[in-house]
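Visitor: need a 3D model of the following:
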Amino acid sequence: MNEEKLLLEVRPSWWNFFWHFVFCWLIIPLLIAIWKRAALILRVYSDRIILERGVISKDIKEIFITHV
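Guide: Sure, this is the predicted structure:
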């Protein structure tokens, strides 16, 4: 099988969850921030881009660079 080189893997910045951390003493916002960050991954390869959403049930969208 031809292994492709992963060029970039991106997750949302922790700054997107600033208010969750301000109120982390409530515990629930902290858990929500961790869950949301784990639920989104963007992977960029030389010929395609993959957007992966979800923690338990994955929704994977694959876009080839030639189609853009």
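Visitor: give the other helices and strands that the worst-scoring helix or strand of the chain on mean pLDDT contacts.
Guide: Least confident helix or strand, the chain: helix 18-22 with a mean of 72, by mean pLDDT, DSSP states H and E. Counting by 3 or more C-beta pairs under 8 Å, 6 or more residues apart in numbering; DSSP states H and E, the packing neighbours recorded for helix 18-22 are helix 28-38. The way it works is simple: take the backbone N, C-alpha and C, and place the C-beta from them, glycine included.
Visitor: got the buried residues for the helix it packs on?
Guide: Buried residues in helix 28-38, defined by neighbour count with 16 or more other C-beta atoms under 10 Å: 29, 33, 37.
Visitor: circling back to that earlier point, can you list contacts of the least confident helix or strand of the chain?
Guide: Residues outside helix 18-22 that contact it (C-beta atoms under 8 Å, 6 or more residues apart in numbering): 14, 29-30, 32-33.
Visitor: and which of those is nearest residue 43?
Guide: Nearest to residue 43 out of the contacts of helix 18-22 is residue 14 (C-beta to C-beta; 19.4 Å).
Visitor: if we can go back for a sec, just send the buried residues of helix 28-38 back as a markdown table, with pLDDT and distance to residue 62 too.
Guide: Formatted as a markdown table, the buried residues of helix 28-38 follow (pLDDT from 0 to 100; distance: C-beta to C-beta, whole Å):
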| residue | pLDDT | distance to residue 62 |
| --- | --- | --- |
| 29 | 72 | 32 |
| 33 | 79 | 27 |
| 37 | 85 | 22 |
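Visitor: residue 48: which of those is nearest?
Guide: Distance to residue 48 across the buried residues of helix 28-38 (C-beta to C-beta) is lowest for residue 37, with 23.3 Å.
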